[in-house]
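S.K.: sequence unavailable; structure follows:
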């Protein structure tokens, strides 16, 4: 991972909802994530990007 391209780092969990992961009829998808209040500043960095930016998403398990 190129650390110079990292916009935000935050903790997230997939909520226990039937609608947490959706696949559309056209094959695209949507994931809902629960973000803790402590990571809201990082989340706001993503919100500031706007909806037209393409993101590369990497998922890692947090140390438990």
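M.R.: Done, it's in. Treat the numbers as computed from the prediction; the structure is a model and nothing was measured. Residues are numbered from 1 along each chain as shown.

S.K.: which stretches of the protein form helices?
M.R.: Ranges of helices within the chain are 40-49, based on DSSP state H.

S.K.: any low-confidence regions in it?
M.R.: Applying pLDDT under 70 to the chain picks out residues 1, 64.

S.K.: in it, which residue is most central in space?
M.R.: For the chain, the residue sitting closest to the mean C-alpha position, by C-alpha atoms, centre = their mean, is residue 33 at 6.5 Å.

S.K.: what's near enough to touch that residue?
M.R.: Contacts for residue 33 were tallied using C-beta atoms under 8 Å, 6 or more residues apart in numbering; they are 12, 13, 14, 15. Every residue, glycine included, has its C-beta placed from N, CA and C.

S.K.: out of these, who's the most crowded?
M.R.: For those, the largest number of neighbours (other C-beta atoms under 10 Å) sits with residue 12, at 16 neighbours.

S.K.: for that residue, give its distance to residue 25.
M.R.: Distance, residue 12 to residue 25, by C-beta to C-beta, to the nearest Å: 26 Å.

S.K.: got it, and residue 50?
M.R.: Distance from residue 50 to residue 25, by C-beta to C-beta: 26 Å.

S.K.: same question for residue 9.
M.R.: 33 Å.

S.K.: show me what contacts residue 11?
M.R.: 35, 36, 38, 39, 62.

S.K.: buried subset of the residues you listed?
M.R.: Buried by 16 or more other C-beta atoms under 10 Å: nothing, out of those.

S.K.: which residue packs closest to residue 12, ignoring adjacent ones?
M.R.: residue 33 (4.0 Å; C-beta to C-beta, 6 or more residues apart in numbering).

S.K.: end to end, how far does stretch 37-55 reach?
M.R.: Start to finish, the residues bounding stretch 37-55 are 22 Å apart (C-alpha to C-alpha, to the nearest Å).

S.K.: make 33 the first number, not 1, from now on.
M.R.: New numbering, starting at 33: the last item is stretch 69-87.
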